[in-house]
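>>> What follows is a protein structure lacking sequence information:
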DNA sequence: TTTTTGCATTTTGCATTAAAAATCATTGAT
DNA sequence: ATCAATGATTTTTAATGCAAAATGCAAAAA
């Protein structure tokens, strides 16, 4: 039986373990996106009944999803009083940025040691697309590509735990950071910092890249702090 | 009614916001402990019905708890096929140790800058108790205090995000690390490394402490790798 | 004897429902 | 008029029930 399945899979090109996501898993993704996109704003109360209707699922899978999102730090659960979209406090944002900066600095060390030319070219490509959005003043798309650059660097480190932890932390303050880039001068500086990052990456200079990433995070804090 | 409660709380010494943890929250803690203590061994299948009986709760809160534990990385959920206690792969253990080392190194920087004498004395106290357990060859208690030292250092950094993330990551490989300390010579070396850590901490030498912590993690990998 | 196919049992996934808790509004007392 | 208390409504929590899927076993065919 296992043999037959293997044969079929090979015939189909090795993919397809037949992806069957469970409902609660689907709901986690959907609600997470709603929060990150800002449809569910920070501080907003999350009403079980409403969301269930909106998503077309019953309350059990939704409740399971809310528990997971709470453990990711995106939602705050108040026992017997429902759920709220978490609004990170300023100290928490600072703490998160500090940790993110350190993780990316670690990633820098690993990437410079092991990434191939193709990998680095890939990051550069994202960067170029980002510059394009900057030129067109497409803030939303710019922002998404910006986050992609950071995620890509961390992913190329080859350390999956690092990548997963980084992305979870990044998601928590995504919303706040988006708001932080509103001022034109801030935006300008952020782009310049990214230029430096890419240059350091292409030079495979781990120390320089680490410095750039840490600095980028510190500056992100400056940009974000008055948006709080 | 609220007034009366407040009065009682004050009379009892300011604690007790009337701790009413929801059931699923309680279940998360209990099951997490069962995994970390090794009662639920890595690779073991987690049967909903059995656990429900054992814990005396119905399936709904248990299922919610399993989702949370899965997002913490302690449990693996196989859709329609139940849950398993996650057995970290060797690369995952290495990756986790790498990240933990870096986080503790970051903590070192922060701690040396801001911790008071009392704080450091507290860590030293845990360390001394740990040495005592080492002398008595009380492996379990030694191990718990060992983890406490690391958690304390990270907590004293004052960065709550760092502390929380660190502890979650630490929990994932707690079991494996416990097994790694079985060989007497390994145990000996680990104790020596802790001595160095404490010395560096008391000297408030952040670089030295960072080096010690990273080295400690690398050595932990050596100790653990053949236990896999 | 080995493999395969169909059936029975077990187990999970989700919805519904019942119970507990909180919020809100109204009423009565000071 | 204000505040507290009580009851009604809403909302969350947790248990139960039902349907779908997987596992294991046995019987039949190669």
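Cool, got the structure. The shown structure was predicted, so the numbers you read here are calculated from the model rather than taken from an experiment.

>>> So in chain A, which helix runs the longest?
Assignment by DSSP state H gives helix A:90-114 as the longest helix of chain A.

>>> Stretch A:150-170 near chain B at all?
Yes: applying Cβ under 8 Å from any Cβ of the partner chain, one finds stretch A:150-170 touching chain B at A:159, A:160, A:161, A:162, A:165, A:169. Where you see a C-beta, it was placed from the backbone N, CA and C, and this is true even at glycine.

>>> re the thing from before, relative to helix A:90-114, how tilted is whatever helix or strand comes next after the longest helix of chain A?
With elements assigned by DSSP states H and E, the helix or strand that comes after helix A:90-114 is helix A:117-136. Relative orientation of helix A:117-136 versus helix A:90-114 (axes from the mean of the first three to the mean of the last three Cα atoms, to 10 degrees): 140 degrees.

>>> Show me what helix A:117-136 is packed up against.
Using 3 or more Cβ pairs under 8 Å, 6 or more residues apart in numbering or on different chains; DSSP states H and E, the elements in contact with helix A:117-136 are helix A:139-156, helix A:184-202.

>>> Would you report the backbone torsion angles of the residue in chain A positioned nearest to DNA strand D?
Of the residues in chain A, the one nearest DNA strand D is residue A:82, at a distance of 3.1 Å by Cβ to the nearest atom of the strand. The phi and psi torsions at residue A:82 (degrees, to the nearest 10) take the values phi 90, psi -170.

>>> Contact residues of chain A facing DNA strand D?
A:20, A:46-49, A:59-60, A:63, A:77-83 (Cβ under 7 Å from any atom of the strand).

>>> Can you pull the poorly scored residue ranges out of chain A?
Scanning chain A for pLDDT under 70 picks out A:1-20.

>>> What residue spans form the domains of chain A?
Domain ranges of chain A: A:12-85, A:90-225, per automatic domain parsing.

>>> ranking these by burial, who's on top?
Highest mean neighbour count among the domains of chain A (mean count of other Cβ atoms under 10 Å in any protein chain shown): domain A:90-225, with a mean of 18.

>>> Residue A:83 in helix, strand or coil?
Local secondary structure at residue A:83 is given as strand here, using DSSP: H, G, I helix; E, B strand; the rest coil.

>>> who's in contact with it?
A:45, A:46, A:48, A:66, A:70, A:75, A:76, A:77 (Cβ atoms under 8 Å, 6 or more residues apart in numbering or on different chains).

>>> if you set the cut-off to 7 Å instead, what comes out?
Residue A:83 makes contact with A:46, A:66, A:75, A:76, A:77, according to Cβ atoms under 7 Å, 6 or more residues apart in numbering or on different chains.

>>> and if you look at residue A:150?
Per Cβ under 7 Å, 6+ apart, neighbours of residue A:150: A:104, A:170.

>>> Any figure for the gap between it and residue A:168?
As judged by Cβ to Cβ, to the nearest Å, residue A:150 and residue A:168 stand 13 Å apart.

>>> so which helix or strand takes in residue A:25?
Assigned by DSSP H and E, residue A:25 falls in helix A:23-37.

>>> Tell me the first helix or strand C-terminal of that helix.
As the chain continues past helix A:23-37, the following element, by DSSP H and E, is strand A:45-46.

>>> how about stretch A:218-228 against chain B, any contact?
No: contact of stretch A:218-228 with chain B (Cβ under 7 Å from any Cβ of the partner chain) is absent, the minimum separation being 13.1 Å.

>>> Also stretch A:85-95?
Yes: under the criterion of Cβ under 7 Å from any Cβ, stretch A:85-95 makes contact with chain B via A:92, A:95.

>>> hmm, who's touching that stretch?
Contacts for stretch A:85-95 (Cβ under 7 Å, 6+ apart): A:35, A:40-44, A:46, A:73-76, A:172-173, A:176, A:221, A:224-225, A:228, B:159-162.

>>> cool, stretch A:54-65 as well?
A:23, A:24, A:27, A:28, A:30, A:31, A:48, A:51, A:52, B:63, B:64, B:67.

>>> again, 8 Å this time
Here stretch A:54-65 has contacts from A:22-24, A:27-28, A:30-31, A:48-49, A:51-52, B:60, B:63-64, B:67, using Cβ under 8 Å, 6+ apart.

>>> ditto for stretch A:37-53
A:31, A:34, A:58-59, A:62-63, A:66, A:75, A:82-88, A:175-176, A:178.

>>> what's the first-to-last distance across that stretch?
Terminal residues of stretch A:37-53 are spaced 20 Å apart (Cα to Cα, to the nearest Å).

>>> Briefly note if it comes near DNA strand C.
No: Stretch A:37-53 stays out of contact with DNA strand C when judged by Cβ under 7 Å from any atom of the strand, the minimum separation being 7.9 Å.

>>> From the chain's centroid, how far away is that stretch?
The chain centre lies 20 Å from the centre of stretch A:37-53; the measure is Cα atoms, centre = their mean, to the nearest Å.

>>> Phi, psi for residue A:227 please.
phi -80, psi 0.

>>> I'd guessed it sits against residue A:178; true?
No: if you go by Cβ atoms under 8 Å, residue A:227 and residue A:178 don't touch, sitting 9.4 Å apart.

>>> JSON lines please, covering the contacts of residue A:83 and showing distance to residue A:97 and secondary structure.
Below are these laid out as JSON lines (distance: Cβ to Cβ, whole Å; DSSP: H, G, I helix; E, B strand; the rest coil):
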{"residue": "A:46", "distance to residue A:97": "26", "secondary structure": "strand"}
{"residue": "A:66", "distance to residue A:97": "26", "secondary structure": "helix"}
{"residue": "A:75", "distance to residue A:97": "21", "secondary structure": "strand"}
{"residue": "A:76", "distance to residue A:97": "20", "secondary structure": "strand"}
{"residue": "A:77", "distance to residue A:97": "25", "secondary structure": "strand"}
